[in-house]
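Colleague: Just to be clear, the model below is a prediction. Sequence and coordinates:
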Amino acid sequence: QVQLVESWGGSVQAVGSLRLSCAASGSTYSGYCMAWVRQAPGKEREGVATVDSAGRSSYADSVKGRFTITKDSGKNILYLEMNSLKPEDTAMYSCAARYVRCDVKSTKFDYWGQGTQVTVSS
């Protein structure tokens with residue numbers, strides 16, 4: 001079992017920045033694919049970024065060059081650094097984990113956090 005708790009969402013103006021955090025506890029998550037997934041009102045869930053156990057990251061085309069996913073394995077924290085934010089980035093962002101190969105296009109995960117809201121105004 002893995003428990004995930006996100007924090008540090010909020011409201012920001014366009015071109016601003018935010019850094020989301022996800023604290024993991026329970027079973028060691030070093031062998032998991034960790035990810036950030038978002039869902040905007042009226043839209044389906046969208047994979048944003050993944051990082052695997054070897055530290056390899058992958059991004060959705062919509063956020064490449066603007067978002068960076070990292071993990072601090074010593075502290076069991078996953079981060080999402082978001083720069084040059086756009087109004088279309090407004091969504092509920094959730095941290096997720098699964099014990100299979102990462103696929104940034106997949107939204108099927110075994111463990112989910114409760115989500116943190118990010119709102120970007122123009």
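Modeller: That came through, no problem. Residues are numbered from 1 along each chain as shown.
Colleague: in the chain, what spans have low per-residue confidence?
Modeller: 28-30 (pLDDT under 70).
Colleague: Closest to the centroid, which residue in this structure?
Modeller: Geometric centre of the chain, nearest residue: residue 36, 2.0 Å, by C-alpha atoms, centre = their mean.
Colleague: Contacts only, for it.
Modeller: Shown in contact with residue 36 (C-beta atoms under 8 Å, 6 or more residues apart in numbering): 20, 22, 47-50, 69, 78, 80, 93-96. Quick note: C-beta positions are derived from backbone N, CA and C, even for glycine.
Colleague: For it, what are phi and psi?
Modeller: Dihedral angles of residue 36 (phi, psi; degrees, to the nearest 10) stand at phi -110, psi 130.
Colleague: and the gap between it and residue 111?
Modeller: Residue 36 sits 13 Å away from residue 111, going by C-beta to C-beta, to the nearest Å.
Colleague: circling back: for the residue nearest to the centre of the chain, give the beta-bridge partners.
Modeller: Taking DSSP bridges as the rule, residue 36 bridges to residue 49, residue 95.
Colleague: which residues do residue 36 and residue 111 both contact?
Modeller: By C-beta under 8 Å, 6+ apart, residue 36 and residue 111 have these common neighbours: residue 96.
Colleague: roughly how far is stretch 17-37 from the heart of the chain?
Modeller: From the chain centre to the centre of stretch 17-37 is a distance of 8 Å (C-alpha atoms, centre = their mean, to the nearest Å).
Colleague: now the end-to-end length of that stretch.
Modeller: 18 Å (C-alpha to C-alpha, to the nearest Å).
Colleague: buried set for it?
Modeller: Buried residues in stretch 17-37, defined by neighbour count with 16 or more other C-beta atoms under 10 Å: 18, 20-22, 24, 29, 32-37.
Colleague: Tell me who's in contact with the nearest residue to residue 121 once chain neighbours are set aside.
Modeller: Spatial nearest neighbour of residue 121, chain neighbours left out: residue 13 (5.4 Å); criterion: C-beta to C-beta, 6 or more residues apart in numbering. Taking C-beta under 8 Å, 6+ apart, we find residue 13 in contact with 120-122.
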